[in-house]
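Colleague: Sequence below, structure please.
(one chain, ligands or ions: 1)
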Amino acid sequence: MPSPRVIAIQFDGLRADALSEERTPNLLAAAEQGAWFRNHRSTFPTSTRVCVSSLATGVYPEKHGLPGNSLFSRDLGETITTGRHENLLAWERAMGGRLLLRDTFFERVGGVIISAASSGSAWLWNAGRAACLIHPVAAYPAGEREKIKEHGEIPPAGEPDLDRCAWALDLALDYVIPKLAPAVLVVHLSEPDSTQHHQGAAGEVHREALEGVDRLFGAFRERFQAEHDDWAQTNLLLFSDHGVVTTAGMIDLEAELGDLPGRGESWQAAHSEGAALFYAESDKTLLELVSFLRTKEWAGPLFSKSGEGAEGALPGTMALELVGCGGPRAPDLLMGFQWGDGFLQGENREGALPGWGYSSANNKGSGGTHGSCSPYELRNFLIAQGPAFPAGIRVDAPTGNIDLAPTILSLMGEKVPGGLDGEVFTKMPRARGEERIYRVESKGFAQTLSRAEVDGRFYLNFARLEKA
Ligand SMILES: [Zn+2]
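Modeller: Presented below is the predicted three-dimensional model:
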């Protein structure tokens, strides 16, 4: 059986500045033998399922249509948590059978996905059902669940979640590559994100998760190369979907919003981790929400439908389009929770990464969060090793989640379709573009947004709300 042409491994939530010789020697060895993209960027909201949708389709949320990890469905008239695939199936049925608005790359090239993360993110990788999906509870076709049971018990989720990650990588070598022989294989590992939610990006357990997932990758690569004579023809794409910040406070948004009249009638809200989405017909209601949110220290950048230039239709907000979050399924108002640089007072700084942010109480733990638009959440990593990548190169030009799908299509010899937001990252040299700053001020508040712009594309650096 020939080896896959592409093996793409997602290390969930691994921040670019968490890579080091000490903690991630195997990832850095791959970087040494391949290309290390030093300015890689996530998509906003920096929530896993939103990011996975961009990774699989090559477009920002305004085109793929998944605006948040939690969202309000106008079709179902209810809030949906996208972490469970059953909820996505119900939403898909209510919308007439189209989960994402764009095809995933699997719809052109097929392949296999093995996921150790949530069933919702697994299902979104395979939104068009064009790949074989292997996940502890959400296999597609459904018969795959029985087949994988022959390869041993699926370990329960743990902390760190390394047994599940090992299961996913072992299954790739024991079953998927030899038996299913996919041309493209995606493996989604739940660490270090799973641990970061509980522990933040600091401390012993986080260190164990980071070092552990790197060690598992090293063992996978070693065994893959030992068992496959043609391993050198495989392109390994190693990346994360987003970063993380230390949680500054868990905000009970349900209680906070409880003081406002009309919830469930004239307006709706959905939130998880570092982002909150608001829906209302009337501008008056939305303006009241903006005024309310601005009194809260936990509220960060606000975005609404496009108005004049950088400003959204709601005065003092920025345009959703600037962050790639407009489109038919966009909320009327999108908020990233407030974030800041450096360390929190009293925070254990031993081995900790800087950057903090508030979180919705709708989060898996109180240690770390993501979803907002700090540079700490937006700077993820990308390393590529294989025949398409010269050894030892460092690429400073920006790349991002949106570039994965066009690159995989190109590596598979497919013509990259028009209308994608991303660009193939095998093309070198890659234009660096320039940083552009947008600013909107009103009534004692200022919002600043930084993007790298290159050849009509953009990559987000950060968006910040400052109170005068
Ligand atoms: Zn994630």
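Colleague: For this protein, which residue gets nearest to the ion?
Modeller: residue 48 (3.1 Å; Cβ to the ion). The C-beta positions use only the backbone N, C-alpha and C, and glycine is treated the same way.
Colleague: close enough to count as contact, that residue and residue 69?
Modeller: Yes. Using Cβ atoms under 8 Å, residue 48 is in contact with residue 69, at 6.7 Å.
Colleague: Please identify which of these two sits among more neighbours.
Modeller: residue 69 (31 against 28; other Cβ atoms under 10 Å).
Colleague: Which residue lies closest in space to that one, excluding its sequence neighbours?
Modeller: Counting by Cβ to Cβ, 6 or more residues apart in numbering, residue 69 lies nearest to residue 47, which is 3.9 Å off, once chain neighbours are set aside.
Colleague: which residues touch that neighbour?
Modeller: 68, 69, 242, 272, 273, 274, 275, 370, 371 (Cβ atoms under 8 Å, 6 or more residues apart in numbering).
Colleague: As TSV, those residues with distance to the ion and pLDDT would be great.
Modeller: Formatted as TSV, those follow (distance: Cβ to the ion, whole Å; pLDDT from 0 to 100):
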residue	distance to the ion	pLDDT
68	13	98
69	9	97
242	5	98
272	12	93
273	10	95
274	12	97
275	13	98
370	7	97
371	10	98
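Colleague: Next, format those residues as JSON lines and append secondary structure and distance to residue 179.
Modeller: As requested, the contacts of residue 47 are arranged in JSON lines below (DSSP: H, G, I helix; E, B strand; the rest coil; distance: Cβ to Cβ, whole Å):
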{"residue": "68", "secondary structure": "coil", "distance to residue 179": "37"}
{"residue": "69", "secondary structure": "coil", "distance to residue 179": "33"}
{"residue": "242", "secondary structure": "coil", "distance to residue 179": "32"}
{"residue": "272", "secondary structure": "strand", "distance to residue 179": "37"}
{"residue": "273", "secondary structure": "coil", "distance to residue 179": "37"}
{"residue": "274", "secondary structure": "coil", "distance to residue 179": "40"}
{"residue": "275", "secondary structure": "strand", "distance to residue 179": "40"}
{"residue": "370", "secondary structure": "coil", "distance to residue 179": "36"}
{"residue": "371", "secondary structure": "coil", "distance to residue 179": "38"}
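Colleague: re the thing from before, what pLDDT does the model give the residue nearest to residue 69?
Modeller: pLDDT, residue 47: 98.
Colleague: Can you give me the distance of it to residue 388?
Modeller: To residue 388, residue 47 is 30 Å away according to Cβ to Cβ, to the nearest Å.
Colleague: Could you do residue 148 as well?
Modeller: 30 Å.
Colleague: still on that earlier bit, out of the contacts of residue 47, who has the most neighbours?
Modeller: That'd be residue 370 among these, by other Cβ under 10 Å, with 35 neighbours.
Colleague: Wait, that residue touches residue 241, no?
Modeller: No. Contact criterion Cβ under 8 Å: residue 370 and residue 241 do not qualify, at 9.2 Å.
Colleague: Surely residue 186 is within a strand?
Modeller: Yes. Counting by DSSP: H, G, I helix; E, B strand; the rest coil, one finds residue 186 located in a strand.
Colleague: list the contacts for it?
Modeller: Taking Cβ under 8 Å, 6+ apart as the test, what residue 186 contacts is 8, 9, 10, 111, 112, 113, 114, 125, 131.
Colleague: Go again with 10 Å.
Modeller: Shown in contact with residue 186 (Cβ atoms under 10 Å, 6 or more residues apart in numbering): 4, 6-10, 52, 55-56, 105-106, 111-115, 122, 125-126, 131, 133, 172, 237, 404, 408.
Colleague: and what of residue 459?
Modeller: 39-43, 324, 378, 397-403, 421-422, 433, 435, 450-453.
Colleague: Adding distance to residue 382, write the contacts of residue 47 out as TSV.
Modeller: Formatted as TSV, the contacts of residue 47 follow (distance: Cβ to Cβ, whole Å):
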residue	distance to residue 382
68	24
69	22
242	12
272	25
273	22
274	22
275	23
370	17
371	20
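Colleague: Flag every buried residue along the lengthiest helix in the chain.
Modeller: The helix that spans the most residues within the chain, counting by DSSP state H, is helix 203-227. By neighbour count with 16 or more other Cβ atoms under 10 Å, helix 203-227 contains the buried residues 203, 205-214, 216-218, 220-221, 224.
Colleague: cool, stretch 78-85 as well?
Modeller: So stretch 78-85, judged by 16+ other Cβ under 10 Å, has buried residues 79, 80, 81, 82, 83, 84, 85.
Colleague: burial count for residue 23?
Modeller: Residue 23: 16 neighbours (other Cβ under 10 Å).
Colleague: Now the helix or strand encompassing residue 438: average pLDDT?
Modeller: According to DSSP states H and E, residue 438 maps onto strand 434-442. Averaged across strand 434-442, the pLDDT comes to 96.
Colleague: Direction included, what does it pair against?
Modeller: strand 445-454 (antiparallel) (DSSP bridges).
Colleague: Show the average pLDDT along the partner strand.
Modeller: 97.
Colleague: Okay, buried residues for that strand please.
Modeller: Using 16+ other Cβ under 10 Å as the burial criterion, the residues of strand 445-454 that qualify are 445, 447, 448, 449, 450, 451, 452, 454.
Colleague: re the thing from before, who touches both of residue 370 and residue 241?
Modeller: The contact lists of residue 370 and residue 241 share 13, 42, 46, 47, 48, 51, 193, 380, where a contact means Cβ under 10 Å, 6+ apart.
Colleague: pretty sure the fifth one contacts residue 119?
Modeller: No. Applying Cβ atoms under 10 Å as the test, residue 48 and residue 119 come out as separate, 12.0 Å apart.
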